[in-house]
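Peer 1: what follows is a protein structure lacking sequence information:
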């Protein structure tokens, strides 16, 4: 049986699909993961994935491309599967992806759908209210005939050693960036946390992507080690795996930290529900006002002056949370 799992979203979304992918892989001969370009680096880290098919869907992501008939037909021609799971977040419809899978000849398609699917779905599942995204994906896989095969935690393939990047000795990782501004702690607060962590005796490594070098340099200052732009996904996983704790907003590296078993201090803006997107399967401390006026808005830019949901969090609170989690690890 050739299986396909579709998760056409971001890096962290693909990591959260990992337990469901393993469940499918246990019963399928091959598993193809269909994902967007931002999720592809995570897809290549997941156990159980035999092939990664990358397609930028016009209904997904923060900057969706225009509809292109030639690109769509090329995707349909590239799909080769007998059965498929379409994984979506609670606010998304799986039906556009299901239509393309049907056009590609996939005989059996399963998805969570509140909308009437007509002949697009063979398994129309209803996700449990408020379920975590990883649990919802596992529940759908089980409904489709792929029961869970392990403890259901996030996992990736073994990451490379990164002591040449981090240097010897214990350290904490602080990741100041986020996929959208509403989910990020302010740079000034991040820089203050690095200073207070250093004062408390914690060496801090600051991580970020190639486009965040100015941010990581500012946050690291004189007291942190700046690794901005120096790690691809596998190297970042290695850096996170070696940390005693990771401080991050609700963004991909928080889920990557969970996938390598590292506790997370989660600076969580409530624009999406923490119950669905918090760090999964590892010890964590959730910081941020979950009842702030922005709660549930899915805003990308903070709609409330002063960003109170996160910027009321102090550096001292972060240090306290780091020390609590470091002791647990």
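Peer 2: Nice, I can see it. Model, not experiment: these values are computed from the prediction.
Peer 1: CA atoms for contacts and neighbours, from now on please.
Peer 2: Noted.
Peer 1: got the buried residues for stretch 267-282?
Peer 2: Buried positions in stretch 267-282, judged by neighbour count with 16 or more other C-alpha atoms under 10 Å: 267-274, 276-282.
Peer 1: now stretch 320-329
Peer 2: Residues of stretch 320-329 classed as buried by neighbour count (16+ other C-alpha under 10 Å): 321-326.
Peer 1: so which of those are in helices?
Peer 2: 321-326 (DSSP state H).
Peer 1: related to what we said a few turns ago, with pLDDT and distance to residue 295 added, can I get the buried residues of stretch 320-329 in a markdown table?
Peer 2: Below are those laid out as a markdown table (pLDDT from 0 to 100; distance: C-alpha to C-alpha, whole Å):
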| residue | pLDDT | distance to residue 295 |
| --- | --- | --- |
| 321 | 97 | 23 |
| 322 | 97 | 25 |
| 323 | 95 | 28 |
| 324 | 95 | 27 |
| 325 | 94 | 26 |
| 326 | 85 | 29 |
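Peer 1: out of the residues you listed, who's nearest residue 101?
Peer 2: Using C-alpha to C-alpha, the shortest approach to residue 101 within the buried residues of stretch 320-329 belongs to residue 325, at 43.7 Å.
Peer 1: got a list of what that closest one touches?
Peer 2: Listed by C-alpha atoms under 8 Å, 6 or more residues apart in numbering, the contact partners of residue 325 are 244-245, 263-265, 283-285.
Peer 1: okay, these in JSON lines with pLDDT, neighbour count and distance to residue 53 next?
Peer 2: As requested, the contacts of residue 325 are arranged in JSON lines below (pLDDT from 0 to 100; neighbours: other C-alpha atoms under 10 Å; distance: C-alpha to C-alpha, whole Å):
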{"residue": "244", "pLDDT": "97", "neighbour count": "21", "distance to residue 53": "34"}
{"residue": "245", "pLDDT": "98", "neighbour count": "31", "distance to residue 53": "33"}
{"residue": "263", "pLDDT": "98", "neighbour count": "29", "distance to residue 53": "31"}
{"residue": "264", "pLDDT": "98", "neighbour count": "31", "distance to residue 53": "30"}
{"residue": "265", "pLDDT": "98", "neighbour count": "28", "distance to residue 53": "33"}
{"residue": "283", "pLDDT": "97", "neighbour count": "18", "distance to residue 53": "33"}
{"residue": "284", "pLDDT": "97", "neighbour count": "23", "distance to residue 53": "33"}
{"residue": "285", "pLDDT": "97", "neighbour count": "19", "distance to residue 53": "35"}
